[in-house]
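[1] Okay, here's the prediction I keep looking at, along with the sequence it came from:
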Amino acid sequence: MAHPGYYWLAYDWRNLLPSCIVCNEPKIINGKKVGKHNRFPVVGAHALCAEDTPNEQPLLLHPGVDNPADHLIIDSSTGMLGHRTTRGKACIEVLGLNLRDQLVDDRRNACEAARSLLVRLIYDRDQKARQELQSIRVGKRTFSLAQNTVIVETLQRLL
């Protein structure tokens with residue numbers, strides 16, 4: 001049976017999530033199909049009606065519910081993502097998170113910026129750097145997952 005689409009979720013605000021155009025549009029990068037578009041991978045069967053939705057097990061992470069750090073890891077020196085779970089792996093593959101050079105570079109640059117903030121805090125006791133690091137720790141900065149990785153790595157070396 002062909003899936004009827006998730007018409008019952010079309011106007012459910014909990015299902016309406018912002019997405020960058022690059023993550024959402026389908027395209028081919030290095031011979032691999034990437035982009036969310038209308039792909040919605042799940043474990044097992046897709047819900048075919050509203051009543052089945054609670055039993056569905058989506059593979060893509062929900063930014064309002066899931067903690068990315070539980071599912072993804074980052075190599076702070078390269079900006080490449082790895083996965084802790086099958087859900088993390090699905091996000092990396094479906095969205096092409098390691099196939100887009102600019103995104104990988106942006107994550108690596110964010111890691112370098114976090115290192116710079118740590119140097120300013122440790123050596124200069126820069127209070128602005130402290131505030132910026134605190135905003136990273138609570139996830140209020142772009143690429144907070146990558147930058148938090150640098151903070152954790154640095155703390156482990158210091159202690």
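    Nice, thanks for sending it over. Numbering: from 1, shown residues only.

[2] part of a strand, is G82?
    Yes - counting by DSSP: H, G, I helix; E, B strand; the rest coil, G82 is located in a strand.

[3] right, and it touches I74 too?
    Yes - between G82 and I74 there is a contact under Cβ atoms under 8 Å: 7.2 Å. In short, each C-beta sits where N, CA and C put it, glycine included.

[4] Mean pLDDT per helix and strand in the protein: which one sits at the bottom?
    Across the helices and strands of the chain, the lowest-confidence element by mean pLDDT, DSSP states H and E is helix 21-24, at a mean of 86.

[5] Could you list the buried residues of that one?
    Across helix 21-24, burial judged by 16 or more other Cβ atoms under 10 Å covers C23.

[6] from the chain's centre, how far out does it sit?
    With Cα atoms, centre = their mean, to the nearest Å as the basis, helix 21-24 stands 13 Å off its chain's centre.

[7] Stretch 114-124 too?
    The answer for stretch 114-124 is 25 Å, by Cα atoms, centre = their mean.

[8] need the contact list for the spatially most central residue of the chain.
    Compute the mean C-alpha point of the chain, and by Cα atoms, centre = their mean the closest residue is P68, 5.7 Å away. Residues in contact with P68, defined by Cβ atoms under 8 Å, 6 or more residues apart in numbering, are L61, G88, L145.
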